[in-house]
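Engineer: Predicted model and sequence below, questions to follow.
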Amino acid sequence: MPNYFLYARKSTDVEDKQVRSIEDQLAVLRALAKTEGLNVVEEFIEKQSAEIPGRPVFNEMLARIERGEAQGVICWKLDRLARNPVDGGQISWFLQRGIIQHIQTHDRSYRSTDNILLMSVEFGMANQFIIDLSTNTKRGLNEKVKNGEYPSRAPVGYFNDRRYKTIVVDKKIAKAVREAFEYYANGDTRLEDVAKFLAERGIHTRSGKTISRDRVTYILTNTFYFGLFRYDGELHEGKHTPIISKQLFDKVQKVLKGRGKPHKSPKNESKALCGLIKCDECGCAITGEVKIKHQKNGNVHRYAYYRCTKKRGACSQPCVKEDDLTGQLPDILKEFILPADCAAELLKMAEKDEKEALQSSGAESQAIKEEIAAISNKLGVLLNALLEQDIDREVYRAEKQKLVLQKRDLEEKMANLNKGVVAWLEPLQNWIKDAVLLDETVKTGDLSSKKSSLRKICGSNLFLKTGKLKFVPIKPYAELRYALKKFSKEETCLISERVTGIGPVSPPWQGGIIPVYDTRLSNFPSA
């Protein structure tokens, strides 16, 4: 009595898809074997597509049939055995040689003595089904791409909405991804630091590990985050919501391309002022050191001081105790505290100029719209040239990428136009806020805050000479100090670019400082 192998297959190895397919096949085929009196010696179950050759379970079954362990096969339909010409040809060849004597499906039998033509037609139909399915799938994917829909799994920061078949922003993760771009754009951050940064915000691998350097690089170079995506070697415009600007993306690419080994900022609190001060005598940097002194009686004393690095040769400047140096900071910062009433007046004038600037931006907006329309027209001409075979696909892809990036730049410029015409406003508001908060900074003992404020006031113009700090403030702080010294506390002062407003003819801090109610204002036309 011949032995039979029972073979059941489904096209996916994902547990929640087509699970009933295997169970249904086994139930029907077991009942069929019992009804027909077929002796099943073993069952083979495979969860893999038959589109291409190389299925391990199928190959093992054929090898054992060739060794004579079974002479027949029971399966649901012939397309369960093969959907490609290689596997189909092997089954036909085994049947023709008598290695397989009988194939039993749920609705018919195939024997070695039968006409092989019918089996060949069925295998051909199964193979053609796969070809048609592949063609239709590609057509559907290309249509999605044409409509600006990314036809794949959403990257980190987004998720696939199965209900509406779209990609939407994952609000819980998108903020962390955007902050990771901003974090790396600073230029002093390693890829490992970004991976740790993301891990602290709950972004890991599927196994819960910190993501690798390569994965971080992939995230930081993915154009999807600013609205474009790659498919089939081409760059396409997406309909999804960007979570970063192209400007930030370009800044990150510059850092990735140009930065070397990261600079590690000093973390020792006793050296908090390192990198801020220079020696007035030789111009070298001032560094901080800590010395520990152990006395015979067991007492331990810690001394922190700053000194010139003397990298350019001999320097006569003495060391300075940390307490003596930091004690000078409050007196310096007090010279630049902006009164609250002055800040309020400045902000009021800034808001007025903002409204005027927005009203005048219409012409520039129209010009950008025309440029975008021209690029869209060029993309259409380029596509027609490809369809007419006037250019090859590689040239088409390269030119399309250039045009798509140009268009994205213009669209982003258009989106930021209202903010761009008053780009001076945010720096001015931040400066006003910083100058007002100097009062709080002076009262607190936070050395890092004082250092940050000093850097904004002096830039790189802070020097140490014979234990005393010397500096030249940058604008607008130089103008602010001048005004605070010149005018009485009862007068409200402001920084003005021009009497008719503080708008962006040039940066606001490049103007002079005059009292709000100064009589000189009467010599100028009103706003």
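Structural biologist: That came through, no problem.
Engineer: how many other residues sit next to Ile167?
Structural biologist: Residues within reach of Ile167, counting by other C-beta atoms under 10 Å, total 23. Any C-beta I mention is one placed from the backbone N, CA and C, and that applies to glycine too.
Engineer: try Leu333
Structural biologist: Counted with other C-beta under 10 Å, the neighbours of Leu333 add up to 18.
Engineer: ok, and the helix or strand in the protein with the lowest average confidence?
Structural biologist: Of the helices and strands making up the chain, the lowest-confidence element is strand 513-515, at a mean of 45, by mean pLDDT, DSSP states H and E.
Engineer: Counting by contacts, list what whichever helix in the chain runs longest packs against.
Structural biologist: Criterion DSSP state H: the longest helix present in the chain is helix 116-146. Using 3 or more C-beta pairs under 8 Å, 6 or more residues apart in numbering; DSSP states H and E, the elements in contact with helix 116-146 are helix 78-81, helix 85-97.
Engineer: buried ones in that helix?
Structural biologist: For helix 116-146, a neighbour-count test (16 or more other C-beta atoms under 10 Å) marks 119, 122-123, 126-127, 130, 144-145 as buried.
Engineer: For the helix or strand just after that helix, which residues meet the burial criterion?
Structural biologist: Following helix 116-146 in sequence order, the next helix or strand is strand 158-161 (DSSP states H and E). Residues 158-159 are the ones in strand 158-161 that count as buried (16+ other C-beta under 10 Å).
Engineer: re the thing from before, tilt between the longest helix of the chain and helix 85-97?
Structural biologist: Here helix 116-146 points in a direction 170 degrees away from that of helix 85-97 (axes from the mean of the first three to the mean of the last three C-alpha atoms, to 10 degrees).
Engineer: How far off centre is helix 116-146?
Structural biologist: 37 Å (C-alpha atoms, centre = their mean, to the nearest Å).
Engineer: Let me know the average pLDDT across it.
Structural biologist: Across helix 116-146, the average pLDDT comes to 78.
Engineer: can you list the helices and strands packed on helix 116-146 in TSV and add mean neighbour count?
Structural biologist: As requested, the helices and strands packed on helix 116-146 are exported to TSV (neighbours: other C-beta atoms under 10 Å):
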stretch	mean neighbour count
helix 78-81	22
helix 85-97	17
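Engineer: Could you export the ones you listed as JSON lines, including mean pLDDT and distance to Asp280?
Structural biologist: Shown next, in JSON lines, are the helices and strands packed on helix 116-146 (pLDDT from 0 to 100; distance: least, C-beta to C-beta, whole Å):
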{"stretch": "helix 78-81", "mean pLDDT": "89", "distance to Asp280": "87"}
{"stretch": "helix 85-97", "mean pLDDT": "90", "distance to Asp280": "82"}
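Engineer: between the ones you listed, which gets nearest to His240?
Structural biologist: Nearest of the helices and strands packed on helix 116-146 to His240, taken as C-beta to C-beta: helix 78-81 at 37.7 Å.
Engineer: and Leu6, that's in a strand?
Structural biologist: Yes. Looking at Leu6 with DSSP: H, G, I helix; E, B strand; the rest coil, it is inside a strand.
Engineer: quick one on the thing from earlier: I'd like the buried residues of helix 116-146 laid out as CSV, including distance to Leu38.
Structural biologist: Shown next, in CSV, are the buried residues of helix 116-146 (distance: C-beta to C-beta, whole Å):
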residue, distance to Leu38
Met119, 19
Glu122, 21
Phe123, 22
Ala126, 23
Asn127, 27
Ile130, 29
Lys144, 47
Val145, 50
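Engineer: nearest to Gln71, of the residues you listed?
Structural biologist: Met119 (17.0 Å).
Engineer: Pull the contacting residues for the closest one.
Structural biologist: 78, 91-92, 95, 110 (C-beta atoms under 8 Å, 6 or more residues apart in numbering).
Engineer: could you redo the last one with a cut-off of 6 Å?
Structural biologist: 92, 110 (C-beta atoms under 6 Å, 6 or more residues apart in numbering).
Engineer: any idea how far it lies from Val73?
Structural biologist: 12 Å (C-beta to C-beta, to the nearest Å).
Engineer: now do Asp79
Structural biologist: Separation of Asp79 from Val73 (C-beta to C-beta): 13 Å.
Engineer: For burial, what's the neighbour tally of Glu69?
Structural biologist: Using other C-beta under 10 Å, Glu69 has 13 other residues around it.
Engineer: next one: Ala398
Structural biologist: Neighbour count of Ala398, defined by other C-beta under 10 Å: 11.
Engineer: can you start the count at 328 instead of 1 from here on
Structural biologist: Okay, using 328 as the starting number, the last item reads as Ala725.
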